[in-house]
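Q: my questions concern the predicted model and sequence given below.
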Amino acid sequence: MKISTEGLKSFIPTGKIEELIASEAHAPESRIREIIAKSLDKNRLDPDETAALVSVKDPELKQLILDGAHELKERIYGNRIVLFAPLYVGNECINDCVYCGFRISNKECVRATLTHDELVHETQSLVETGHKRLIMVYGEHPMYSPEYIAETVQTVYDTKYHKGEIRRVNINAAPLDIEGFRTVKSVGIGTYQIFQETYHQPTYEKQHPRGPKSSFLWRLDGLDRAMQAGIDDMGIGALMGLYDWKFEVMGLLYHTIHLEDRFGVGPHTISFPRIEPAIGTDFAEHPPHQVSDEDFRHLVAVLRLSVPYTGMILTAREPIAIRNEILRYGVSQIDAGSSIGVGDYSAKDDESKKKSQFVLGDTRSLDDVIYELAKGGYIPSFCTSCYRAGRTGEHFMEFAVPGFVKRFCTPNALLTFAEYLYDFSSKRTLKAGLELIDNELAKIEEDNMRQAVTEKLTEMKEGKRDLFF
Ligand code: SAM
Ligand code: SF4
């Protein structure tokens, strides 16, 4: 792959972002209320409006923003949470990202790449716990070519085990050229996720000192190339802690606007991981712009309001208490039962930590997470139906198409949850889950719909699988 930035220009207006954050610093309550109302009316916010929200300092106004984000989530998306697991395929890397345990200069990292058989075992272990959706993660290395990525994704799709299979594979890997993206698309991936890490170019250049990733522009253009290759399902993200989080929120918004303007489609998901400690990585212990829990809450709520039609991912990097709380403010997907060491699901060993990218904050099993979600009134969902029925842009449809959530998302969440309960759950989760399903069925207003879901649930109980609307 030849990296060329010829003709590329940044669409991140650094000076303007700084200006907006400064000039919108003291927006009065009336303006904050108007901005929240605009979002609740299902409109994306403009940069000046997002700048006003990120700049809020007054605790009461901050609470208004949190309440607004919560209301938007409840009103539009309801109480489903989609579950997935990361699958680390290989940690070889030729880049030197200062915060990452896999960076080339980290001598404490034990390098590993799954063999074909190991990949099958990892997949089986995940299927065995009940997972249906994965994100496959790769370091950046010539070994992990587009052909290799495609082959490993195919291996995962081909692995059928006991009571299940993986039904959707997303990717988090280096940005490719257009031809490379075409190769990966050909095996039927879901989302291709690339985090810009920081949208502040001077900071980016400092913290990515060598390797292909040192080019800010090549990375920034990555999802444009994915789009040109026909991958219209994209995930963006910023690694919180490298630069001022307010700037990163604005960067995520400008990236969204750019993709919408150029291709008519925005990102499917936004991620906002905070930097976590990693073995052999002092930088990650003390990131220069560490984000406090209070700011984190605020930034999640602002993102929810700014881009109200985008899925938001909260990973197990975060500790349990934060995860439980932040769900309220608009998160749509979380990972659970995650391991982030290469080969850890099927063969954890003494070296596991040294093969891991960073340290997880939430190490509960999938079943424990599901139990707590159900007890908290959330419907755990393993739904992959839009992707498999060819309805792309599902998150946008949930938002924009009246009745879509009621017709598809909630019924499919209930069906996939029931499938999990019958095939994989512990006794206590089964009990809590069936109670939740009964409550949710009672909430379905339309008789026909309630009856259709009840019939499919009965078929599920009798042994049918993979039912969806
Ligand atoms: N190598 C590819 C890349 O860099 O795009 C993809 C995989 S990389 C392992 C996935 C993401 O992990 C990175 O984009 C970065 O945001 C995140 N990450 C790296 N180090 C981290 C740390 N110490 N804490 C939290 N997230 C981290
Ligand atoms: Fe390599 Fe990605 Fe880690 Fe950077 S973040 S060192 S590219 S694995």
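A: It's in. Ligands and ions are numbered 1, 2, ... in the order given.
Q: need the pLDDT of F396.
A: In this model, F396 is scored at 69, pLDDT.
Q: which residue is the nearest non-sequential neighbour of N106?
A: G280 (4.6 Å; Cβ to Cβ, 6 or more residues apart in numbering). Bear in mind the C-beta positions are built from the backbone N, C-alpha and C, glycine included.
Q: before we move on, what about R210?
A: Leaving aside its sequence neighbours, R210 is closest to D96 (4.8 Å, by Cβ to Cβ, 6+ apart).
Q: equivalent analysis for F11, please.
A: That would be H258: by Cβ to Cβ, 6+ apart, it lies 4.4 Å from F11.
Q: would you mark the buried spots in the top helix by length along the chain?
A: Across the chain, the longest stretch assigned as helix under DSSP state H is helix 245-263. Neighbour-count burial for helix 245-263 flags 245-259 (criterion: 16 or more other Cβ atoms under 10 Å).
Q: then stretch 132-144?
A: So for stretch 132-144, counting by 16+ other Cβ under 10 Å, buried means K132, R133, L134, I135, M136, V137, Y138, G139, E140, H141, Y144.
Q: which residues touch the closest residue to E445 other than its chain neighbours?
A: Nearest residue to E445, sequence neighbours excluded (Cβ to Cβ, 6+ apart): K406, at 7.9 Å. By Cβ atoms under 8 Å, 6 or more residues apart in numbering, the residues touching K406 are I444, E445, E446, M449.
Q: quick revisit: pLDDT score for the residue nearest to F11?
A: pLDDT, H258: 98.
Q: what sits against the residue of the stretch 351-469 of the chain found nearest ligand 2?
A: Closest to ligand 2 within the stretch 351-469 of the chain is Q357: 6.5 Å, counting by Cβ to the nearest ligand atom. Neighbouring residues of Q357 by Cβ under 8 Å, 6+ apart: Y88, N91, C100, G101, F102, V137, A278, I340.
Q: C109 touches S352, doesn't it?
A: No - at 12.0 Å, C109 and S352 do not qualify as touching, with contact defined as Cβ atoms under 8 Å.
Q: which one of the two has more residues nearby?
A: Between C109 and S352, counting by other Cβ atoms under 10 Å, C109 is the more crowded of the two (24 against 17).
Q: what about that one, distance to R274?
A: 21 Å (Cβ to Cβ, to the nearest Å).
Q: kindly report the same for G230.
A: Taking Cβ to Cβ, one finds G230 at 33 Å from R274.
Q: comparing those two, which residue is more hemmed in?
A: Set G230 next to R274 and count neighbours by other Cβ under 10 Å: R274 wins out with 21 against 11.
Q: Throw the contacts of Q357 into TSV and include distance to Q124, pLDDT and secondary structure, thanks.
A: Below are these laid out as TSV (distance: Cβ to Cβ, whole Å; pLDDT from 0 to 100; DSSP: H, G, I helix; E, B strand; the rest coil):
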residue	distance to Q124	pLDDT	secondary structure
Y88	16	96	strand
N91	21	97	coil
C100	28	97	coil
G101	26	95	coil
F102	25	96	coil
V137	18	98	strand
A278	28	93	strand
I340	18	89	coil
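Q: which one of these is nearest to I17?
A: C100 (25.4 Å; Cβ to Cβ).
Q: wait, the closest one sits on E276?
A: No - C100 lies out of contact with E276 (Cβ under 8 Å); the separation is 10.4 Å.
Q: intersection of neighbour lists for these two?
A: A284, F358.
Q: ok, these two, which is more surrounded?
A: Using other Cβ under 10 Å as the criterion, C100 and E276 rank with C100 on top: 26 against 23.
Q: check contacts around V184.
A: Neighbours of V184 in contact, by Cβ under 8 Å, 6+ apart: P146, I149, A150, V153, I171, L176, Y192, I231.
Q: so of these, which ones are in strands?
A: Counting by DSSP state E, those place I171, Y192 in strands.
Q: buried among the contacts of K406? Need that as a selection in ChimeraX.
A: To isolate the buried members of the contacts of K406 in ChimeraX, using 16+ other Cβ under 10 Å:
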select :444,449
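Q: which of the buried residues of helix 245-263 sits closest to T50?
A: Out of these, the member with the shortest distance to T50 (by Cβ to Cβ) is L253, at 5.2 Å.
Q: mind listing what that closest one touches?
A: L45, P47, T50, S306, V307.
Q: worst-scoring helix or strand of this protein, pLDDT-wise?
A: helix 394-400 (a mean of 69; mean pLDDT, DSSP states H and E).
Q: tell me which helix or strand comes right after it.
A: Using DSSP states H and E, the helix or strand that follows helix 394-400 in sequence is helix 404.
Q: how many neighbours does the closest residue to ligand 2 within the stretch 151-300 of the chain have?
A: Taking Cβ to the nearest ligand atom, ligand 2 has its nearest neighbour within the stretch 151-300 of the chain at K213, 4.9 Å off. When counting by other Cβ under 10 Å, one arrives at 24 neighbours for K213.
Q: show me what from the chain comes close to ligand 1.
A: Residues of the chain that fall close to ligand 1, judged by Cβ under 6 Å from any ligand atom: 99-100, 102, 137-140, 172-174, 194-195, 197, 239, 273, 275-276, 278, 284, 317, 357-358.
Q: quick one: which of those residues sit in strands?
A: Short answer: the residues of the chain next to ligand 1 in strands (DSSP E) are V137, Y138, N172, I194, F195, E197.
Q: got JSON lines for those, with distance to V127 too?
A: Below are those laid out as JSON lines (distance: Cβ to Cβ, whole Å):
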{"residue": "V137", "distance to V127": "18"}
{"residue": "Y138", "distance to V127": "20"}
{"residue": "N172", "distance to V127": "20"}
{"residue": "I194", "distance to V127": "27"}
{"residue": "F195", "distance to V127": "27"}
{"residue": "E197", "distance to V127": "32"}
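Q: the residues you listed: which two are farthest apart?
A: Y138 and E197, at 16.0 Å, using Cβ to Cβ across those.
Q: who's in contact with the residue positioned nearest the centre of the chain?
A: Among the residues of the chain, the one closest to the centroid is I313, at 3.4 Å (Cα atoms, centre = their mean). Residues near I313 by Cβ under 8 Å, 6+ apart: G235, G237, T269, I270, S271, V331, S332, Q333, I334.
Q: could you identify the most distant pair in the buried residues of stretch 132-144?
A: The farthest-apart pair in the buried residues of stretch 132-144, when distances are taken by Cβ to Cβ, is K132 and H141, at 28.6 Å.
Q: for stretch 44-61, how far is the first residue from the last?
A: Stretch 44-61 has an end-to-end distance of 20 Å (Cα to Cα, to the nearest Å).
Q: wait, a strand at L134?
A: Yes - applying DSSP: H, G, I helix; E, B strand; the rest coil, one finds L134 inside a strand.
Q: can you report phi and psi for V89?
A: phi -90, psi -40 (degrees, to the nearest 10).
Q: pretty sure it is touching Y138, no?
A: Yes - using Cβ under 8 Å, V89 is in contact with Y138, at 5.2 Å.
Q: what's the overlap in contacts for these two?
A: With Cβ under 8 Å, 6+ apart as the test, V89 and Y138 both reach Y144.
Q: returning to that earlier point: list just the nearest of the buried residues of helix 245-263 to ligand 1.
A: E248 (11.4 Å).
Q: skipping adjacent residues, who's closest to the closest one in space?
A: Here the residue nearest E248, using Cβ to Cβ, 6+ apart, is A238, at 4.0 Å.
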